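> let me see the structure of the following:
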Amino acid sequence: MSDCIFCKIAAGEIPSKKAYEDERVLAFYDLEPQAPVHVLIIPKEHIASVAEITEENSGIAAHIFEVAARLAKELGLEGGFRLVANTGADGGQTVQHLHVHLLGGRSMKWPPG
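Model (predicted):
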């Protein structure tokens, strides 16, 4: 999508501090971190949200989780971490492009608030 900020970041049109990149996903540090480690993992293909995961595109979800596990290890999150995928307005999604927050570096509480 031409007006999607995450599509523009994935295309390199908007700079980001990259944590990981391959042909399918980009992971970059959040500009407003909610934990000592706060990385967003996005597919390069535009998928609006978890609600748009289908049998045809579900492989990207598995790949995002693989990348999250790899990054958590590389970033020293041996004590644990949290993955969050906000979906829709009521779920708190503010950018309409599938993204998973990798949060760690501190103890996480439940419920988150």
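> next, count neighbours for residue 62.
9 (other C-beta atoms under 10 Å). To be clear about C-beta, it is placed using only N, CA and C from the backbone, and glycine gets the same treatment.
> avg pLDDT for the lengthiest strand in the chain?
Ranked by residue count under DSSP state E, the longest strand found in the chain is strand 37-43. Strand 37-43 carries an average pLDDT of 98.
> elements contacting that strand?
Applying 3 or more C-beta pairs under 8 Å, 6 or more residues apart in numbering; DSSP states H and E, we find strand 37-43 packed against helix 5-10, strand 25-29, helix 59-74, strand 100-104.
> buried ones in that strand?
37, 38, 39, 40, 41, 42, 43 (16 or more other C-beta atoms under 10 Å).
> list just the one of the helices and strands packed on strand 37-43 that sits closest to residue 94.
Residue 94 lies closest to helix 5-10 among those, at 10.0 Å (C-beta to C-beta).
> how about that closest one: buried residues?
Those buried within helix 5-10 under the rule 16+ other C-beta under 10 Å are 6, 7, 9, 10.
> mind putting those into JSON lines with pLDDT and distance to residue 92?
Converted to JSON lines, the buried residues of helix 5-10 look like this (pLDDT from 0 to 100; distance: C-beta to C-beta, whole Å):
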{"residue": "6", "pLDDT": "97", "distance to residue 92": "16"}
{"residue": "7", "pLDDT": "96", "distance to residue 92": "20"}
{"residue": "9", "pLDDT": "96", "distance to residue 92": "20"}
{"residue": "10", "pLDDT": "96", "distance to residue 92": "22"}
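> show me which pair in these is furthest apart.
7 and 9 (7.4 Å).
> how far away is residue 25 from residue 55?
19 Å (C-beta to C-beta, to the nearest Å).
> ok, those two, which is more surrounded?
residue 25 (20 against 6).
> which residues touch the spatially closest residue to residue 39 that is not a sequence neighbour?
Leaving aside its sequence neighbours, residue 39 sits nearest to residue 102 (C-beta to C-beta, 6 or more residues apart in numbering; 4.4 Å). Residues near residue 102 by C-beta atoms under 8 Å, 6 or more residues apart in numbering: 27, 37, 38, 39, 40, 41, 68, 71, 72, 81, 82, 83.
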